[in-house]
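A.B. asks: Predicted model and sequence follow; I will ask about them next.
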Amino acid sequence: MKEPHASEHPGDSPDSQDSRRFGGVQRVYGAAGVARIRNSHVCVIGVGGVGSWAVESLARSGIGSITMIDMDIVSASNINRQLHATSSTLGRDKVLVMQERVAEINPACRVAIVDDFIAADNVSDYIQQHFDFVVDCIDDFRTKAAIIAHCRQNGVNIITTGGAGGQIDPGRVEIADLSRTRQDVLLARTRKLLRQEFGFTRDPHKRFHVPCVYSDEQLVYPDGDGGLSSQRPAPEGSAGCRLNALNCAGGIGSVAHVTATFGLFATGFVLRELAHAS
């Protein structure tokens, strides 16, 4: 019987260990592309059903630096869709759990965590111009608009994501300019606010130049009797629960194979851009 062995040989140099971990990545992005990825810094805002998978993908692709911004803790209602959510992590800070996970996957990755909720009034405090890319995975349209506007005004690359709840078909996920998405209330509200308060174009023929991950699948909602409906429920539905909330019994449902697809689409776009940056 073969004895188990360590993933790296003790005498390996850091470069040799890096080659063992991420050699497969180099064989699809090339040596120069992987070097650019290794020298890049990506900020992921919101480390939940979409953002946790984005962080995982970045770490496993050999990214050099990650900043994670989120103040939430892991709860039982996260287990259906969030990478970090297990019985052993309940009650812990999401960013701390993911920081530990990244260290196990990619020890050379420099990880910064911001244990705070980003909001319209602190965006400039947390989004720095030295970020090579920002991945926006939050579900509040006001904050989302402020993040997008700040990045566009300061020349920071950004990709945003729409709502991943109420959907079951990952094949309907795609990337388009934010001005061209459909079937997504969160993104529609974000667009409206960007036009009203941040001077984004109102011309339907012009683009925002903000890539966005979204799905054109028709959403399904709980009908209150254990069934499903394509009709959006009335606001009074469940006390204290937002219509698109994923964390409460009366909220919209979600599944990991869709939320993960959103996150992986986002990082696929980011990694391609980084690997081919001039």
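C.D. replies: Structure's in. What do you need?

A.B. asks: pLDDT of the longest helix seen in the chain, averaged?
C.D. replies: Scanning the chain for the helix with the most residues, using DSSP state H, yields helix 14-38. Mean pLDDT, computed over helix 14-38, is 88.

A.B. asks: And stretch 42-62, by the same measure?
C.D. replies: So the average pLDDT for stretch 42-62 ends up being 99.

A.B. asks: Now do residue 116 against residue 72, distance only.
C.D. replies: Distance of residue 116 to residue 72, given as C-beta to C-beta, to the nearest Å: 10 Å. Any C-beta I mention is one placed from the backbone N, CA and C, and that applies to glycine too.

A.B. asks: low-scoring pLDDT stretches of this protein, where are they?
C.D. replies: 1-17, 234-250 (pLDDT under 70).

A.B. asks: In it, which residue is most central in space?
C.D. replies: Geometric centre of the chain, nearest residue: residue 51, 3.0 Å, by C-alpha atoms, centre = their mean.

A.B. asks: That residue and residue 251, how far apart?
C.D. replies: Counting by C-beta to C-beta - residue 51 and residue 251 are separated by 18 Å.

A.B. asks: quick revisit: higher neighbour count, residue 116 and residue 72?
C.D. replies: Ranked by neighbour count (other C-beta atoms under 10 Å), residue 116 and residue 72 place residue 72 first, with 16 against 13.

A.B. asks: Okay, helices next: where are they in the stretch 101-250 of the chain?
C.D. replies: Using DSSP state H, counting those that start in this stretch, the helices found in the stretch 101-250 of the chain span residues 123-126, 141-153, 185-197.

A.B. asks: Need the residues that contact the last one.
C.D. replies: What it means is helix 185-197. 139, 141-142, 144-145, 148-149, 160, 162-163, 178-179, 181, 200-202, 208, 212, 214, 244 (C-beta atoms under 8 Å, 6 or more residues apart in numbering).

A.B. asks: on that earlier part again, determine which stretch of the helices of the stretch 101-250 of the chain is the most buried.
C.D. replies: Mean neighbour count (mean count of other C-beta atoms under 10 Å) peaks for helix 141-153 among the helices of the stretch 101-250 of the chain, with a mean of 21.

A.B. asks: Distance from the chain centre to it, please.
C.D. replies: Distance of helix 141-153 from the chain centroid (C-alpha atoms, centre = their mean, to the nearest Å) equals 15 Å.

A.B. asks: Kindly report the same for stretch 98-111.
C.D. replies: Counting by C-alpha atoms, centre = their mean, stretch 98-111 comes out at 17 Å from the chain centroid.

A.B. asks: what comes up buried for it?
C.D. replies: Neighbour-count burial for stretch 98-111, counted by 16 or more other C-beta atoms under 10 Å, picks out 98-99, 101-102, 105-106, 108-109, 111.

A.B. asks: I'd assumed residue 179 was in contact with residue 206.
C.D. replies: Yes: contact criterion C-beta atoms under 8 Å: residue 206 and residue 179 qualify, at 7.3 Å.
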